[in-house]
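[1] Below are the sequence and a predicted model for it; my questions follow.
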Amino acid sequence: MISDCFMVGANEMNAEVYAEFSLTGINLNPEEVTSKIGIQPTKTWLKDELISPKAKIRYQQNGWKLRSHLDTSDDLEEHFRVVLDQLKQGWQPLVEMCSVYDAEFCGVVYTSGDRPTIHFDKEILKAVLQLNAEIDVDLYVLPLES
C-alpha cells in the first residue's frame with residue numbers, strides 16, 4: 001500500500017505530530033464509506049486524481065481519510081487514541097469494510113532534536129487488529145536551526 005502520509009514544513013516547536021486512519025481500494029466508494037459509518041472524513045479522493053495540486057503523482061486507488069484533531073505537540077499515542085475514538089461511532093460497519101479494503105493508521109513525527117516517544121498500548125493495538133489495519137510511522141529528523 002502506498003502511504004499518503006505527508007506534512008509540509010515544521011514550525012518553531014521541537015516536534016510536530018499527527019495521526020490518520022485511511023481506507024483505500026480500487027472499488028472503494030468514499031461517499032459510501034461516509035454514509036455507512038456516519039463520520040465525516042478529513043479527505044477523500046478518487047483514483048487518478050493528483051495527490052496535490054503541485055504534484056504529478058496520481059492516486060492509484062480511491063480513498064477515505066480521517067486525521068486527528070489534536071494539537072501537533074501532543075504525543076503520537078494520543079493522536080492514535082483520538083482517531084480511534086472518532087471512529088467508534090461507526091465501528092461495526094467500519095470493521096466490515098476493513099475486511100474488504102486496505103486499512104492503515106499513519107503517524108507522522110517531525111522533530112529537530114527531541115527524541116519522540118513512539119509507543120502504542122495494548123488497547124490501541126487491539127483496535128488496530130480489529131480493523132485489520134497496518135501501522136505506518138514516518139519519522140522525520142530535521143536539522144537544528146541556528
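    That came through, no problem.

[2] Return the distance of residue 62 relative to residue 31.
    Distance from residue 62 to residue 31, counting by C-beta to C-beta, to the nearest Å: 10 Å. Placement of C-beta: from N, CA and C, glycine included.

[3] next one: residue 130
    Taking C-beta to C-beta, one finds residue 130 at 24 Å from residue 31.

[4] Mind listing what's buried along the longest helix seen in the chain?
    Taking DSSP state H as the criterion, the chain has its longest helix at helix 76-87. Within helix 76-87, the residues scored as buried using 16 or more other C-beta atoms under 10 Å are 76, 77, 79, 80, 81, 82, 83, 84, 86, 87.

[5] swap in stretch 90-99?
    Residues of stretch 90-99 classed as buried: 90, 94, 95, 97, 98 (neighbour count, 16+ other C-beta under 10 Å).

[6] Stretch 18-29 too?
    In terms of neighbour count (16+ other C-beta under 10 Å), stretch 18-29 has its buried residues at 18, 19, 20, 21, 22, 23, 24, 25, 28.
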